[in-house]
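> Fold the following.
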Amino acid sequence: MKQETGKTQEGNREMRKLAVVGSINMDMTVTAERIPKKGETLHGDSISLIPGGKGANQAVAMAKLGAQVEMFGCVGDDSNGTMLLETLMKAGVKTGHIKVCKDTPTGIAMITVAENDNTIVVVPGANGKADRAYIDEIKPYLAEYDMVVLQHEIPLDTISYVIDFCAQKGIEAVLNPAPAAEVPMDIIEKVTYLTPNEHEAVLIFGEGKSTEELLRQYPEKLIITQGSKGVSSCLKSGEILHVPARPAKVADTTGAGDTLNGAFCVRRAAGDDLKSALLYANTAASLSTEKFGAQAGMPSAAEVEKELPGVQAAMEAEKELGQ
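Presented below is the predicted three-dimensional model:
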């Protein structure tokens with residue numbers, strides 16, 4: 001385990017350094033009355049260019065919550081890439097080792113927002129250049145970090161390569177396996193935390209086991225997000241831990257999962273136990289849905305802490321009803 005570096009906001013614990021290796025996209029977001037059906041054309045209400053990418057989103061979520069975080073990844077040598085780098089820096093994310101790729105466009109996500117939900121199509125662009133050669137370039141810098149966070153918007157081979165490196169160096173690795181894709185069992189064994197949603201968990205593990213059976217198979221490693229139903233994991237004692245969702249006045253769900261992952265990593269890095277970290281993360285995710293845009297809607301630490309007592313009370317009430 002690496003030594004902790006830097007003070008937390010509480011002042012009495014050390015905050016470890018976080019790195020994100022992942023995607024950096026420009027989100028082209030269209031709002032409409034409803035999600036279009038197959039083959040259907042609808043009139044949109046508005047269109048916006050909003051900084052995104054699952055990797056960048058999670059890095060911004062961490063920075064907004066007070067973490068020391070650096071983003072590793074690739075952008076194109078274009079106006080979108082320039083804007084995204086500026087946005088990350090303004091959010092407090094370190095960007096010194098992001099690669100700017102010539103003759104390659106920055107990644108784009110086409111998002112339709114309607115009916116309190118969204119659909120997303122991602123064009124990887126420069127994110128595909130985050131390959132083994134790039135990882136070899138940044139290994140000396142990654143080795144300085146205590147936790148590395150990854151997602152599925154860069155090549156799967158790269159993800160495996162980074163996780164192998166983290167395992168060798170004793171660095172905690174967190175994999176958010178989204179968008180959904182199969183994950184080799186050896187990768188699952190090597191990561192510290194795996195954070196799929198229910199659909200992604202079925203793709204990874206199959207339909208043969210219930211959610212509770214899966215959680216008990218990977219105590220304090222597997223964390224399954226369940227949207228409006230909250231998030232679940234399993235303690236080492238075998239007890240299933242369920243954290244209910246905080247009721248929200250939903251404006252846009254884009255980036256809610258990224259907020260949850262970022263917030264969870266921040267609190268685990270700060271030394272919180274699993275229950276406290278998930279409670280905090282789920283509260284942050286809920287708050288993020290009440291504003292438009294992924295990164296713009298992510299809450300500050302003060303906003304999350306203000307809401308925590310109410311969510312804690314709801315969690316205790318649910319537990320009592322279940323007994």
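
> List of residues touching the host helix or strand of Thr82?
Assigned by DSSP states H and E, Thr82 belongs to helix 79-90. Residues outside helix 79-90 that contact it (Cβ atoms under 8 Å, 6 or more residues apart in numbering): 24-26, 49, 51, 53, 56, 59-60, 71, 75, 95, 98, 100, 105-106, 108, 126, 295. The way it works is simple: take the backbone N, C-alpha and C, and place the C-beta from them, glycine included.

> can you pull out the helices in the stretch 201-323 of the chain?
Remark: helices assigned in the stretch 201-323 of the chain by DSSP state H, counting those that start in this stretch are 211-217, 256-269, 274-288, 301-322.

> Report all helices and strands that the first one contacts.
Okay, so that is helix 211-217. The helices and strands touching helix 211-217, judged by 3 or more Cβ pairs under 8 Å, 6 or more residues apart in numbering; DSSP states H and E, are helix 198-205, strand 224-225, strand 231-234, strand 240-243.

> likewise the longest one?
Contacts defined by 3+ Cβ pairs under 8 Å, 6+ apart place helix 301-322 against strand 240-243, helix 274-288.

> likewise the second one?
Using 3+ Cβ pairs under 8 Å, 6+ apart as the contact test, the elements touching helix 256-269 are strand 18-21, helix 54-64, strand 147-151, strand 172-176, helix 274-288.

> Any idea which of the ones you listed gets closest to Tyr141?
Distance to Tyr141, taken as Cβ to Cβ, is lowest for strand 18-21 among these, at 8.0 Å.

> Ala63 reaches Asn57, doesn't it?
No. Contact criterion Cβ atoms under 8 Å: Ala63 and Asn57 do not qualify, at 10.9 Å.

> about what we covered before: buried deepest among the helices of the stretch 201-323 of the chain, which one?
helix 256-269 (a mean of 28; mean count of other Cβ atoms under 10 Å).

> okay, the angle between that one and helix 54-64?
Here the directions of helix 256-269 and helix 54-64 differ by 50 degrees (axes from the mean of the first three to the mean of the last three Cα atoms, to 10 degrees).

> for helix 256-269, what is the average pLDDT?
Taken as a whole, helix 256-269 carries a mean pLDDT of 96.

> Compute the inter-axis angle for it and helix 301-322.
Using the same axes, to 10 degrees: helix 256-269 against helix 301-322 is 90 degrees.

> Quick check: which of the helices and strands packed on helix 301-322 is nearest to Thr158?
Of these, nearest to Thr158 by Cβ to Cβ is helix 274-288, at 25.3 Å.

> got a list of contacts for the closest one?
Contacts of helix 274-288 (Cβ under 8 Å, 6+ apart): 61, 65, 220, 223, 230-231, 233, 235, 241, 243-248, 255-257, 259-264, 267-268, 272, 294, 297-299, 303-304, 307-308, 311-312, 315.

> mean confidence score for it?
94.

> what about it, distance to the chain center?
12 Å (Cα atoms, centre = their mean, to the nearest Å).
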